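1. Here is a sequence together with a model predicted from it:
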Amino acid sequence: MKITAAVVDELHGSFGLRDVLLDEPRPGEVLVRVAATGICHTDSITRHGDLPFPLPGVLGHEGAGVVEALGPGVDHVQVGDHVVLGWPWCGACRNCLDGQPRYCLRLTDLLVGGRRPDGSTALRDLDGTPLSSHFFGQSSFATRAVVPARGLVPVAPDLPLDLLGPLACGLSTGAGAVLNVLRPHAGSALVVYGAGSVGLAAIMAARNTGATRVIAVDRHASRLSLASRFGATDTIEATGTDPVAAVHEICGGPADFSLECTGVVAVCRQAADSVGMRGVCALVGGAPAGATIELDHLSTLWGKRIIGILGGEGRSIPLITTLIELHRQGRFPFDELVTHFPFERIEEAFAAAHSGAVLKPVLRMS
Ligand SMILES: [Zn+2]
Ligand SMILES: [Zn+2]
């Protein structure tokens, strides 16, 4: 089938829209007409080589759309269902069987291998040249995608598909870290480093917990005012101040929880230093390949936990369903983070995200 996709031909290359050929869905897969797809920092760092996705290929991993055809053996969705394209997982490894599909042991291949598990790709140029597909199990910078059915999250047909895609990645990463993992207890203090879409999703989620102090740290005053609007009780402008000292001053000592969303190595250290004995520091920001972080050995030994969290942990269906319901109740207003662009303006959407002008660009396909 002929579709239109944004193809990256080489490292650091631009997104060129062109017609390409998409396979039929194979066993366990479905064909989805992509209605819209979010743009995420991970697409950008992959284009620049920080994730080893083979090029040429098609990126995009925050898609939502409508099921158009089923491959053999698919029974939990039907043609016509509205779906969010969720996290890929193998379903058979130790972690998948243990209910932790975000930590699937085949994850690297499923996210960035550019091929199905059988080694085939679902995309070709019109002249037959193979293109990498299945980026994060989807390659959603395209008008249609062939995706593993196991990752799909069915949603009600009256919901706006052009809002929902980012729930599968950036927004789950921030909100899931708070709701699934940190679970701040009554009266606790949480500090969030980086008030982009991931950090703001974490702050919105924290408002639904018993945390009484939610502190946002960022370099941009405009982001901090958004953080206040979405539930931060305190804000720290990072430029020209020592944010760790500021956290200690606000809390009268260390915070109970910190969440690092920037991927900047120096900020990871600040997040670790912001919590004390029995505190938990969670790292979710995407650092450049090969980055290392240093910790203070002595203070880290004193019952402090430093953890990495992928994708907000847990299963996609309960988390995304919960975030949609909280949104409906006005308790998770993530739609305020989204700015729409037509698919053809994908480069402009990336530039707007990079400059900070836009928090969460979403491309509309039609
Ligand atoms: Zn992402
Ligand atoms: Zn697995």
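-> All right, it came through fine. Ligands and ions are numbered 1, 2, ... in the order given.

2. what residues does the stretch 101-250 of the chain put near ligand 2?
-> Contact residues, the stretch 101-250 of the chain versus ligand 2 (CB under 5 Å from the ion): Cys104. Yep, even glycine has a C-beta here, placed from its N, CA and C like the rest.

3. what about Arg116, how many neighbours?
-> Per other CB atoms under 10 Å, the neighbour tally for Arg116 reads 20.

4. Helices of this protein, residue ranges please.
-> For the chain, helices defined by DSSP state H occupy the ranges 41-47, 94-97, 107-112, 161-164, 170-176, 197-206, 221-229, 243-251, 265-274, 297-301, 316-328, 346-355.

5. can you redo those as TSV with mean neighbour count?
-> TSV is the format used below for those (neighbours: other CB atoms under 10 Å):
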stretch	mean neighbour count
helix 41-47	21
helix 94-97	14
helix 107-112	19
helix 161-164	23
helix 170-176	29
helix 197-206	30
helix 221-229	17
helix 243-251	18
helix 265-274	21
helix 297-301	11
helix 316-328	19
helix 346-355	16
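
6. what separates the closest residue to Phe53 other than its chain neighbours from Cys96, distance-wise?
-> Leaving aside its sequence neighbours, Phe53 sits nearest to Val112 (CB to CB, 6 or more residues apart in numbering; 4.4 Å). According to CB to CB, to the nearest Å, Val112 stands 18 Å off from Cys96.

7. Then Pro154?
-> Relative to Cys96, Pro154 is positioned 20 Å away (CB to CB).

8. quick one on the thing from earlier: now the helices of the chain as a markdown table including distance to ligand 1?
-> Conversion of the helices of the chain to a markdown table gives the following (distance: least, CB to the ion, whole Å):
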| stretch | distance to ligand 1 |
| --- | --- |
| helix 41-47 | 4 |
| helix 94-97 | 20 |
| helix 107-112 | 10 |
| helix 161-164 | 14 |
| helix 170-176 | 5 |
| helix 197-206 | 9 |
| helix 221-229 | 19 |
| helix 243-251 | 25 |
| helix 265-274 | 19 |
| helix 297-301 | 29 |
| helix 316-328 | 13 |
| helix 346-355 | 11 |
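
9. Show me the one of those helices that comes nearest His76.
-> With CB to CB as the measure, helix 316-328 is the member of the helices of the chain nearest His76 (9.8 Å).

10. what sits up against the closest one?
-> Residues outside helix 316-328 that contact it (CB atoms under 8 Å, 6 or more residues apart in numbering): 84, 86-87, 101, 151, 153, 155, 159, 164, 167-168, 171-172, 175-176, 179-180, 208, 312, 332-335.

11. contacting residues for the spatially closest residue to Val146 that is not a sequence neighbour?
-> In space, and not counting its chain neighbours, Val146 is closest to Ala122: 4.4 Å by CB to CB, 6+ apart. Ala122 makes contact with 22-23, 116, 133-134, 139, 145-146, according to CB under 8 Å, 6+ apart.

12. gap between Ala122 and ligand 1?
-> 20 Å (CB to the ion, to the nearest Å).

13. on that earlier part again, quick one: buried ones out of the contacts of helix 316-328?
-> Listed as buried from these are 84, 86-87, 101, 151, 153, 155, 164, 167-168, 171-172, 175-176, 179-180, 208, 312, 332, 334; burial here means 16 or more other CB atoms under 10 Å.

14. hang on, the earlier thing: would you tell me which of the helices of the chain gets closest to Lys2?
-> Closest among the helices of the chain, using CB to CB: helix 346-355, at 19.1 Å.

15. Hey, what's the angle from the closest one to helix 197-206? Just curious.
-> In terms of direction (axes from the mean of the first three to the mean of the last three CA atoms, to 10 degrees), helix 346-355 departs from helix 197-206 by 70 degrees.

16. Need the CA coordinates for helix 346-355. CSV is fine.
-> Taking C-alpha atoms only, helix 346-355 is exported to CSV below (Å, rounded to 0.1, in the frame of the first residue of the first chain):
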residue,chain,number,x,y,z
ILE,A,346,7.1,18.7,10.6
GLU,A,347,10.4,20.5,10.5
GLU,A,348,8.8,23.7,11.8
ALA,A,349,7.2,21.7,14.6
PHE,A,350,10.6,20.3,15.6
ALA,A,351,12.1,23.7,15.5
ALA,A,352,9.3,25.1,17.7
ALA,A,353,9.9,22.3,20.3
HIS,A,354,13.7,22.8,20.2
SER,A,355,13.4,26.6,20.8
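
17. ok, what's across the strand from the residue nearest to Ile346 when sequence neighbours are not counted?
-> Nearest residue to Ile346, sequence neighbours excluded (CB to CB, 6+ apart): Phe15, at 4.8 Å. In this entry, Phe15 is beta-bridged to Val8, by DSSP bridges.

18. For the residue nearest to Ala227 when sequence neighbours are not counted, report the pLDDT, please.
-> Excluding the flanking residues, the one nearest Ala227 by CB to CB, 6+ apart is Ala216, at 3.5 Å. Per-residue confidence (pLDDT) for Ala216: 98.

19. in terms of contact, does Ala216 touch Gly199 like I think?
-> Yes: contact criterion CB atoms under 8 Å: Ala216 and Gly199 qualify, at 6.9 Å.

20. related to what we said a few turns ago, could you report the neighbour count for the residue nearest to Ala227?
-> Using other CB under 10 Å, Ala216 has 29 other residues around it.

21. gap between it and Leu224?
-> Going from Ala216 to Leu224 by CB to CB gives 6 Å.
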